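**Student:** sequence and predicted structure below; questions after.
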Amino acid sequence: MTPTVAVVTDSASSLPAELAERWHIRVIPLQIVVNGSSFAEGAEISPNEVLAHLVAGDPVSTSQPSPAQFEEAYRDAAAAGATAVVAVVLSGKLSGTVSAAETAAVSAAIPVTVVDSGTVGMAAGYAALAAAATAANGADADAVAAAARRVAQSSLCMFTVDSLEFLRRGGRISPATAAVGKVLGVRPLLEVRDGEVALFDRVRTTARARAALVECADEAIGEHVRPAVAVMALGEADYADDATRVLELAHPHLAMSLRTSVSAVLSAHAGPGALAVVVVDLPADVH
């Protein structure tokens, strides 16, 4: 049975397609702009294709969804029998997606609650899953939105990149953080903090940076009742697989563990060699 509260998210949540389908979550694609041509994330361009363009030196940028895309999702939800919509979207400090979702909500035929997750990647994806699971249990829109906010607020979203140049170009980091990238041999450790990308540590080698992410995740897992993890990578499949196995072996009680790709939009900003680890506390109805 389709829940009466529909859940919508955006493609920057990096939510695997099979989970979105299973939980009836509508995913709105952000846009990738390559050499002046726009492509819908997922349907028209993949993370690996974005990576190839970055390596080739092609100009790559991103664009938020239009209000019309959200309007269509809200209409589809109403037509399918939903009486309300909860839209769980990436941080408003990193994208105008929140604004697009809110603009579309004004003219929607059914009430729409827009949740600014304050984060990105599977930290937002898990928040959308929590919302959908709560909706599946028959909860109202307020409870569905509250479930999304709780998971988003519990999240730790950390990542490391080979170069800060792509984040600098996109304006996703401060000048002070970007300056770290100019120090020879330093590998930054970054996190999403208060809705923005912030530097939380720096180390001397790529191997140490990757190991530090796993160590931080290991510690965060111990702080949660029903911890879930997601390891996301771009062009670093072997290490991401290893990191996932390490965390699963150390914590066999994980509520959920996902190994997925960095989304195409996030790839455009993170660049080659990006590795991210997300830890959240999931409610009992997400499995």
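**Tutor:** Structure's in. What do you need? Everything quoted here is computed from the prediction, not taken from an experiment. Numbers count the residues shown, from 1 in each chain.

**Student:** what sits closest to the residue positioned nearest the centre of the chain if chain neighbours are left out?
**Tutor:** When C-alpha atoms, centre = their mean is applied to the chain, the residue found nearest the centroid is Gly121 (1.3 Å). Leaving out its chain neighbours, the residue that sits closest to Gly121 by C-beta to C-beta, 6 or more residues apart in numbering is Ser14, at 4.8 Å. Where C-beta positions appear, they are placed from N, C-alpha and C, glycine not excepted.

**Student:** quick one on the thing from earlier: and the residue nearest to the centre of the chain, its phi and psi?
**Tutor:** Reported as degrees, to the nearest 10, the phi and psi values for Gly121 are phi 60, psi -150.

**Student:** distance of it from Val186?
**Tutor:** Using C-beta to C-beta, to the nearest Å, Gly121 is found at 23 Å from Val186.

**Student:** kindly report the same for Ala274.
**Tutor:** Distance from Ala274 to Val186, by C-beta to C-beta: 16 Å.

**Student:** not counting its neighbours along the chain, what's nearest Ser99?
**Tutor:** Gly92 (7.3 Å).

**Student:** over to the one you found. Which of the three states is it?
**Tutor:** On the three-state scheme (DSSP: H, G, I helix; E, B strand; the rest coil), Gly92 is labelled coil.

**Student:** state the phi and psi torsions of it.
**Tutor:** Given degrees, to the nearest 10, the pair of backbone angles that Gly92 has is phi -70, psi -10.

**Student:** wait, it sits on Val115?
**Tutor:** No: the criterion here is C-beta atoms under 8 Å, and Gly92 misses it with Val115 at 10.4 Å.

**Student:** what about the two, which has more around it?
**Tutor:** Val115 (25 against 17; other C-beta atoms under 10 Å).

**Student:** so the more buried one touches Ala127, yeah?
**Tutor:** Yes: at 7.3 Å, Val115 counts as touching Ala127 under the criterion of C-beta under 8 Å.

**Student:** which neighbours do these two share?
**Tutor:** Common contact partners of Val115 and Ala127 (C-beta atoms under 8 Å, 6 or more residues apart in numbering): Val88, Ala148, Arg149, Ala152.

**Student:** let me see the ranges of the helices in this protein.
**Tutor:** Along the chain, the stretches classed as helices by DSSP state H are 17-22, 47-56, 67-79, 97-106, 122-136, 141-154, 165-169, 175-180, 206-221, 237-250, 264-270.

**Student:** please tabulate these in CSV, including the columns mean pLDDT, mean neighbour count and distance to His287.
**Tutor:** Putting the helices of the chain into CSV (pLDDT from 0 to 100; neighbours: other C-beta atoms under 10 Å; distance: least, C-beta to C-beta, whole Å) gives the following:
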stretch, mean pLDDT, mean neighbour count, distance to His287
helix 17-22, 95, 13, 11
helix 47-56, 86, 18, 27
helix 67-79, 97, 19, 24
helix 97-106, 98, 21, 27
helix 122-136, 97, 30, 8
helix 141-154, 98, 22, 14
helix 165-169, 62, 18, 34
helix 175-180, 58, 13, 37
helix 206-221, 92, 18, 17
helix 237-250, 91, 15, 16
helix 264-270, 80, 29, 26
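
**Student:** let me have these in CSV, extended by distance to Val5.
**Tutor:** Below are the helices of the chain laid out as CSV (distance: least, C-beta to C-beta, whole Å):
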stretch, distance to Val5
helix 17-22, 16
helix 47-56, 31
helix 67-79, 9
helix 97-106, 14
helix 122-136, 4
helix 141-154, 5
helix 165-169, 35
helix 175-180, 38
helix 206-221, 30
helix 237-250, 32
helix 264-270, 26
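
**Student:** contact partners of stretch 26-35?
**Tutor:** 6-13, 15, 17, 20, 38-43, 45, 50, 53, 58-65, 69-70, 73, 76-77, 95, 97, 264-265, 268.
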